[in-house]
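Q: no sequence on this one, just coordinates:
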């Protein structure tokens, strides 16, 4: 039987176990996929810890890429042997996975399985943030937290392609260089200075149009202070912990600010929207305008290490499990 990473109790990385798991035949509307690579994401740690509750036991992982082995009834647009990628299918940390055809996209020939698995979840996140949550345009100045992380590096590249001035925050010299290499105009070492004060200095006291904040608890106050009048804070993650409730009066006092907590499901709710975002991303990868940095590859047996490295902020770019 194929192996998979199972969670039988919530907790730290120690609760992750690799076990043989029966997958079964694909049901109506599903694809059975031989997984070539699975993406490791922060949301996986929230599910593992029980912050996002899931009925136990379950196979972890929401993102991957591989080859279609079998097709269920009522599936159109896919054939056995097609290379596909997906984000949003629980059970992706596995050698074989059942994937709803409705969330799968075909991978074009110039894009490898590993790059496809490293692109979709974080890429769709970055795409909806700059194209829809706050449509970045020429002349905008924006702030990207964790600028050397998987989403951060993509946000920088996509925002620069739209003409933005990008300010990033990082914690090490290596990450500073990575963010600049992706196109960041200014990089702030938040471990050395107050990033909100630095943003004000870099913008002549005005602040930025939008803050893309996937860090959460430790950055939210400074993020609000970094915004210009009628600026938008897009909280799309909580790597440092859950954000406490925010009094709406803080938005008033900050300059009629906007606050949103977007999620990918609401920005890929239709087939057309999913295909648009995936095509934009894969086209940009294929023509070399979007560089996908794979920061680490781990066998399934090393899944605990992958989670420890991710949460310990010892990584840059995207982490992959290779079944």
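A: Received the coordinates, thanks. For clarity, every value in this text was computed on a predicted model and none was experimentally measured.

Q: how about stretch 219-237: buried residues?
A: 219-220, 222-228, 231-237 (16 or more other C-beta atoms under 10 Å). (Each C-beta comes from the backbone N, C-alpha and C, glycine too.)

Q: and the residue most central in space within the chain, backbone torsions?
A: Among the residues of the chain, the one closest to the centroid is residue 122, at 2.7 Å (C-alpha atoms, centre = their mean). Backbone geometry at residue 122, expressed as degrees, to the nearest 10, gives phi -70, psi -30.

Q: shaky segments in the stretch 1-150 of the chain?
A: Of all residues in the stretch 1-150 of the chain, none has pLDDT under 70.

Q: surely residue 191 touches residue 173?
A: No: the criterion here is C-beta atoms under 8 Å, and residue 191 misses it with residue 173 at 10.5 Å.

Q: what does stretch 160-168 contact?
A: Applying C-beta atoms under 8 Å, 6 or more residues apart in numbering, the set of residues contacting stretch 160-168 from outside is 130, 136-145, 147-148, 152, 155-156, 159, 179, 182-188, 199, 202, 208, 284, 289.

Q: packing partners of the host helix or strand of residue 197?
A: Using DSSP states H and E, residue 197 sits within helix 195-202. Applying 3 or more C-beta pairs under 8 Å, 6 or more residues apart in numbering; DSSP states H and E, we find helix 195-202 packed against strand 165-170, strand 186-189, helix 220-226.

Q: for the longest one, give the mean pLDDT please.
A: For helix 220-226, the per-residue pLDDT values average out at 98.

Q: what lies in contact with it?
A: Outside helix 220-226, the residues touching it (C-beta under 8 Å, 6+ apart) are 143, 145, 194-196, 199-200, 207-208, 211, 213, 233, 235, 243, 246, 250-251, 254, 257.

Q: what's the first helix or strand after it?
A: strand 227-235.

Q: can you give me the angle that following strand makes with helix 195-202?
A: Interaxial angle of strand 227-235 relative to helix 195-202 (axes from the mean of the first three to the mean of the last three C-alpha atoms, to 10 degrees): 140 degrees.

Q: what's in contact with strand 227-235?
A: With C-beta under 8 Å, 6+ apart as the contact definition, strand 227-235 has outside contacts at 129, 133-134, 203, 206-214, 216, 220, 223-224, 243, 254-262.

Q: let's see that with 7 Å instead.
A: Outside strand 227-235, the residues that touch it by C-beta atoms under 7 Å, 6 or more residues apart in numbering are 129, 133-134, 206-213, 216, 220, 223-224, 243, 254-262.

Q: strand partners of it, parallel vs antiparallel please.
A: Next to strand 227-235 in the sheet, as set by DSSP bridges, lie strand 208-213 (parallel), strand 258-260 (parallel).

Q: give me the contact list for the first one.
A: What that stands for is strand 208-213. Contacts for strand 208-213 (C-beta under 7 Å, 6+ apart): 129, 134, 140-145, 155, 167, 199, 219-220, 223, 226-228, 231-236.

Q: what's the following helix or strand after the longest strand along the chain?
A: In the chain, taking DSSP state E as the definition, the longest strand is strand 30-40. Past strand 30-40, further along toward the C-terminus, the next helix or strand under DSSP H and E is helix 42-49.

Q: flag every buried residue along that following helix.
A: Buried, per 16+ other C-beta under 10 Å, within helix 42-49: 42, 43, 44, 45, 46, 47, 48, 49.

Q: same check on stretch 174-182?
A: By 16+ other C-beta under 10 Å, the buried positions in stretch 174-182 come out as 175, 176, 178, 179, 180, 182.

Q: with stretch 158-169 instead?
A: 158, 159, 160, 164, 165, 166, 167, 168, 169.

Q: please apply the same query to stretch 251-271.
A: By 16+ other C-beta under 10 Å, the buried positions in stretch 251-271 come out as 251, 254, 257, 259, 262, 264, 267, 268.

Q: now do the first one against residue 196, distance only.
A: Using C-beta to C-beta, to the nearest Å, residue 251 is found at 16 Å from residue 196.

Q: repeat for the third one
A: With distances defined as C-beta to C-beta, the gap from residue 257 to residue 196 amounts to 13 Å.

Q: cool, and the fifth one?
A: With distances defined as C-beta to C-beta, the gap from residue 262 to residue 196 amounts to 22 Å.

Q: all strands for the stretch 51-200 of the chain, in order.
A: In the stretch 51-200 of the chain, strands defined by DSSP state E, counting those that start in this stretch lie at 58-59, 63-71, 83-87, 96-100, 104-106, 141-144, 165-170, 186-189, listed in chain order.

Q: now those in JSON lines, with distance to residue 32?
A: Output for the strands of the stretch 51-200 of the chain, formatted as JSON lines (distance: least, C-beta to C-beta, whole Å):
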{"stretch": "strand 58-59", "distance to residue 32": "14"}
{"stretch": "strand 63-71", "distance to residue 32": "4"}
{"stretch": "strand 83-87", "distance to residue 32": "11"}
{"stretch": "strand 96-100", "distance to residue 32": "6"}
{"stretch": "strand 104-106", "distance to residue 32": "11"}
{"stretch": "strand 141-144", "distance to residue 32": "38"}
{"stretch": "strand 165-170", "distance to residue 32": "41"}
{"stretch": "strand 186-189", "distance to residue 32": "44"}
